[in-house]
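[1] Quick one, fold the following:
(one chain, ligands or ions: 1)
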Amino acid sequence: MTTNDQIRETIRFVLEDDDRGMRAALTPDSDLDLDNKQMNRELIKRHEQILAKVDRDDVLSQDDLALIRDANEIHVNDTLDLNGHHKEGLALEEWLANMIELDKETAMQILEQWLDKDSHTPARVYRALHTLWEEATPDGAVSRPAFDDEGRCLKCASKVLFADVTDTVLFVGEEIVRRYPGDITNRNCVRCTYPKQYPDYEEYDGGSLRRANRRLSGTRRC
Ligand SMILES: [Zn+2]
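    Below is the predicted model:
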């Protein structure tokens, strides 16, 4: 059997196994409500379409792969191998990881995690990575926070930040009559964003930052 045959076999198994459980919940004496029964029926139908593709050796869509991953999750998580398919489940998960398209955020996390395993990775490599990330998101829409709860930069752990604060000021003619304290916007780590100016403020970080303290946002999810 080639690897592909094994993977196909595992896909068949996990989908059929999932379907068996869902069909069992469709019997009249099952206490599953009607909506969920309908969802089970639709999912079984989707699985059957995928199984037909697997039999024909057709290309699987990204949606197909996501559904296979969902069905396989129980076997991946079955670390005690109670169902006897943990090893195949892991092999399928690894195969899926190579087949499922990466979004930019996931790609960044993978790169950061791997760079972080090498204690000799210079900080400029992370900076290069984040530059590419910013190029890839021209609207600046970074959904993840850049700072932790204590206001430390997640990339380099520095707590020295430049921040713009926007107050809303009520003018009447030329006169300011009221000032509404503003929100902090556009917070930037000085060390990462303005490295030339950082030495002026370095003392606020209490001297040199220990590399061990560096916390990467990328290691927080998954
Ligand atoms: Zn920083």
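
[2] what residue lies at the spatial centre of this protein?
    Centrality entry for the chain: nearest residue to the mean C-alpha point is residue 106, 4.8 Å, by C-alpha atoms, centre = their mean.

[3] Rounded mean pLDDT for the host helix or strand of residue 36, please.
    Using DSSP states H and E, residue 36 sits in helix 34-56. Regarding helix 34-56, the rounded mean pLDDT is 93.

[4] Which strands or helices does whatever helix or strand comes next after that helix pack on?
    Sequence-wise, the next helix or strand downstream of helix 34-56 (DSSP H and E) is helix 62-76. If you count contacts as 3 or more C-beta pairs under 8 Å, 6 or more residues apart in numbering; DSSP states H and E, helix 62-76 packs onto helix 3-24, helix 34-56, helix 86-99. C-beta here means a position set from N, CA and C on the backbone, and glycine is covered the same way.

[5] how about helix 62-76: buried residues?
    For helix 62-76, burial by neighbour count (16 or more other C-beta atoms under 10 Å) applies to 64-65, 67-69, 71-72, 74-76.

[6] Can you report how many residues neighbour residue 159?
    Neighbourhood size, residue 159 [other C-beta atoms under 10 Å]: 19.

[7] about what we covered before: can you lay out the buried residues of helix 62-76 as TSV showing distance to the ion and pLDDT?
    Output for the buried residues of helix 62-76, formatted as TSV (distance: C-beta to the ion, whole Å; pLDDT from 0 to 100):
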residue	distance to the ion	pLDDT
64	41	95
65	36	95
67	40	96
68	39	97
69	34	96
71	41	96
72	38	97
74	40	94
75	40	96
76	35	96
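
[8] roughly how far apart are the residue nearest to the centre of the chain and residue 179?
    According to C-beta to C-beta, to the nearest Å, residue 106 and residue 179 sit 43 Å apart.

[9] ok, now residue 196?
    33 Å.

[10] These two - which one has more neighbours?
    residue 179 (10 against 7).

[11] Mind giving me the packing neighbours of the helix or strand hosting that one?
    Element membership of residue 179 [criterion: DSSP H and E] is strand 175-189. Here strand 175-189 touches strand 161-172, going by 3+ C-beta pairs under 8 Å, 6+ apart.
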